[in-house]
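Engineer: Predicted model follows, preceded by the sequence.
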Amino acid sequence: MLRSFIIIALLMIIFSYNAKAMDLITNVDNRSTVSLNGRWNVIVDPYETGYYDYRYELADDSYFLNEKPIDKTDRVESSFDTDHMLQVPGDWNSQEERMFFYEGTVWYHRLFDYQPKPETRVFLYFGAINYKAIVSINTDILGEHEGGFTPFNFEITNQLREKDNFVIVKADNKRLREAVPTVNTDWFNYGGLTRRVMLIETPETFIRDYLIQLAPGSRERIAGWVQLDGTKTEQQITVRIPEAGIEQTIRSDSLGRAEFDFSAELTLWSPDHPKLYEVEIECESDQLKDRIGFRTIETRGNDILLNGNPAFLRGICIHEEAPFGGGARAFSPEHARTLLGWAKELNCNFVRLAHYPHNEYMTRIADEMGLMVWSEIPVYWTILWENQPTFDNAANQLEEMILRDKNKASVILWSVANETPVKPERTKFLTSLVKLARKLDNTRLITAALEKEYMDDTTIMIDDPLGRELDVVGCNQYLGWYDGLPAKCDNIVWRSAFEKPVIISEFGGGALFGLHGDELTRWSEEFQASVYRHNLDMLDKVKFIKGMTPWILKDFRSPKRQIPRIQDLWNRKGLISDRGERKQAFDILRTFYGRKKPKN
Ligand code: GCB
């Protein structure tokens, strides 16, 4: 009876609380934190026995209760007191052979002690959980979160005790038709607590979030806001950029919000000179530091202007996979440095982080290394366009992506979709996302990866109606791979219906590292090199193409790729193999980009 009562109370809390973007604490790298990374106990629960009873209703002996037998007569049919442990952060598929194809629920459990500090609030923060998470602490359900690639947090100040706190997470990566992404993707559905977990400690009233960027259309004014969280909402707030001699004081209102707009003389951020400033934000009860770069990004006709100057975006697509080691989600600063270092080696100034928001190390390190970033949400291929919850979910992921990275100079483009079918309901869905992205951030450009159309055998047209809504039109095309042989590129004429810059957001072909043949032998390095040569020759002549991100930096895991001894569940379109070996096409792109680099 008591159990049922507890469960009903817990469920009332679940349904009243979904982690939403608006609660997100940003700039977690510069806050007081306690890591909960490490080994977590797990229960693999394919039938969700820890959640549903035999009537498929919510179980009253849920695993969230963490029950233990009270005496020898007691029947408790679950236990986290197990040797089965998984490393967090980390996907479960790559940690154990028997988990490789597992899609479903895994329960994670972690014990910790915590010495409460006076006047300190504590939040439990997850970098990402793929795909759906329900989180509890000490049997209290904190809420749930949907979407596998964005961060969320819950306040746990009142639940914490000194000894034996336990966090339990139900993580479920079942693919669902109505989800974002949906059931069909050309990448591996890595499940679990794939990014870092930590406690964030803050004062009672703290600086939860802020925007500090150049005002739209200006290279001399910084505009933005600071948002406090707590009871002492009205405070004096100071924003300082010591190196630029800036110190501005403002007051927050009864909602804890303060807005500002002041002039500044700054060295601008660019890939050649990725200048970051130390920024300090201080209120009466809190202070926080960040390193922020300032740059403008605009379009004019067919041009993309970085700091007012036309730029060509020399890019590459990247999946969030560890650079070596047999296929696993990337999660560490070292992974980010290696992946982005490879992009630098290719002479890139730009990366497309496909097909979902990558971990925050990627954008922080891109800021430092001087790489512009295209960041996107997993609205991929065939989402349920007419389902309102699907839209709300996509919108929430978009908001969480933007909230987390809106102060990163590297990020210049928000992408709302990849290769979606042209039809009115899809265009309506995506147009609403474009409008939301602009409302959330008016300092960046909005894009999406669209497809092309043939007008006749040799004329290609870009005229997807979504292009009207975008600032920059992305276009995926596979001439020489899915679309004819490489030489087909040689006679193609490109047209665009839009007076806007176009980025060729994908092209490429597959090759197994070390497999050699002539240029017409599929899967050989020579064939892939030929795909690159012909495409680069063709694209270089098209005036409105202002950037490209070939597909892709490194071979990546995909259950759709089945050819034995060639694919073995890897998409082989990487310029680098899964073991880090460079294929011939790597050098072709590196040389091409080397020539495209502006000579100073
Ligand atoms: C595409 C998709 C990408 C695939 C790629 C391929 O157009 O956007 O996710 O992996 O093609 O290799 O076919």
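Structural biologist: That came through fine.

Engineer: could you say which helix or strand contains the spatially closest residue to residue 138 that is not a sequence neighbour?
Structural biologist: Once flanking residues are discounted, residue 138 sits nearest to residue 159: 5.3 Å by C-beta to C-beta, 6 or more residues apart in numbering. Quick note: C-beta positions are derived from backbone N, CA and C, even for glycine. In the assignment (DSSP states H and E), residue 159 maps to no helix and no strand.

Engineer: what's near enough to touch residue 159?
Structural biologist: Residue 159 makes contact with 137-138, 140, 165, according to C-beta atoms under 8 Å, 6 or more residues apart in numbering.

Engineer: out of those, which one sits closest to residue 481?
Structural biologist: Distance to residue 481 across those (C-beta to C-beta) is lowest for residue 137, with 49.5 Å.

Engineer: I figured that closest one was touching residue 122, is that so?
Structural biologist: No. Assessed by C-beta atoms under 8 Å, residue 137 is found out of contact with residue 122, at 10.0 Å.

Engineer: what's the overlap in contacts for these two?
Structural biologist: Common neighbours of residue 137 and residue 122 (C-beta under 8 Å, 6+ apart) are 156, 160.

Engineer: Looking at residue 326 now. What's its pLDDT?
Structural biologist: According to the prediction, residue 326 has pLDDT 89.

Engineer: Need the three-state assignment for it.
Structural biologist: coil (DSSP: H, G, I helix; E, B strand; the rest coil).

Engineer: Could you tell me how many residues sit around it?
Structural biologist: For residue 326, the count of nearby residues is 10 (other C-beta atoms under 10 Å).

Engineer: switch to numbering from 28
Structural biologist: Yes, from this point I'll number from 28; that puts the last item at residue 353.

Engineer: pretty sure it is touching residue 121, no?
Structural biologist: Yes. Judged on C-beta under 8 Å, residue 353 makes contact with residue 121 at a distance of 6.7 Å.

Engineer: Is residue 625 in a helix, a strand, or coil?
Structural biologist: Criterion first, three-state DSSP; result for residue 625: coil.

Engineer: Residue 462 too?
Structural biologist: Secondary structure assignment for residue 462 (three-state DSSP): helix.

Engineer: tally of neighbours for it?
Structural biologist: 13.

Engineer: what do you get for the one 5 residues further on?
Structural biologist: If you count neighbours by other C-beta under 10 Å, residue 467 ends up with 18.

Engineer: Let me see the contact set for residue 553.
Structural biologist: Counting by C-beta under 8 Å, 6+ apart, residue 553 has contacts 543-546, 611.

Engineer: about what we covered before: show me the contacts of residue 186 that map onto helices.
Structural biologist: The members of the contacts of residue 186 all map outside helices under DSSP state H.

Engineer: Closest to the ligand out of those?
Structural biologist: Here the nearest of those to the ligand, counting by C-beta to the nearest ligand atom, is residue 164; it sits at 37.1 Å.

Engineer: Can you name the residues bridging to that closest one?
Structural biologist: residue 167, residue 194 (DSSP bridges).

Engineer: show me what contacts it?
Structural biologist: 151, 183, 186-187, 192-195.

Engineer: again, only this time at 7 Å
Structural biologist: 151, 183, 186, 192, 194 (C-beta atoms under 7 Å, 6 or more residues apart in numbering).

Engineer: And what about residue 362, helix, strand or coil?
Structural biologist: Going by three-state DSSP: residue 362 is helix.

Engineer: For it, give its distance to residue 71.
Structural biologist: Distance from residue 362 to residue 71, counting by C-beta to C-beta, to the nearest Å: 26 Å.

Engineer: Compare those two (neighbour count), which wins?
Structural biologist: Legend: neighbour count by other C-beta under 10 Å for residue 362 and residue 71, higher for residue 362 (23 against 15).

Engineer: Just give the closest residue to that one, not the sequence neighbours.
Structural biologist: Excluding its sequence neighbours, the residue lying closest to residue 362 (C-beta to C-beta, 6+ apart) is residue 349, at 5.2 Å.

Engineer: swap in residue 490?
Structural biologist: Residue 490's closest residue in space is residue 524 (C-beta to C-beta, 6+ apart), at 3.8 Å.

Engineer: which residues does the one you found contact?
Structural biologist: By C-beta under 7 Å, 6+ apart, the neighbours of residue 524 are 488-490, 494.

Engineer: Please report phi then psi for residue 366.
Structural biologist: Main-chain dihedrals, residue 366, degrees, to the nearest 10: phi -60, psi -50.

Engineer: Do I have it right that it meets residue 350?
Structural biologist: Yes. Contact criterion C-beta atoms under 7 Å: residue 366 and residue 350 qualify, at 5.7 Å.

Engineer: Identify the residue spatially nearest to residue 346, adjacent ones excluded.
Structural biologist: Per C-beta to C-beta, 6+ apart, closest to residue 346 is residue 583, 4.4 Å.

Engineer: For residue 427, pull up the helix or strand it's in.
Structural biologist: helix 415-432.

Engineer: again, but for residue 235
Structural biologist: With DSSP H and E as criterion, residue 235 is part of strand 233-241.

Engineer: Please identify the pairing partners of that strand and their relative orientation?
Structural biologist: strand 248-256 (antiparallel).
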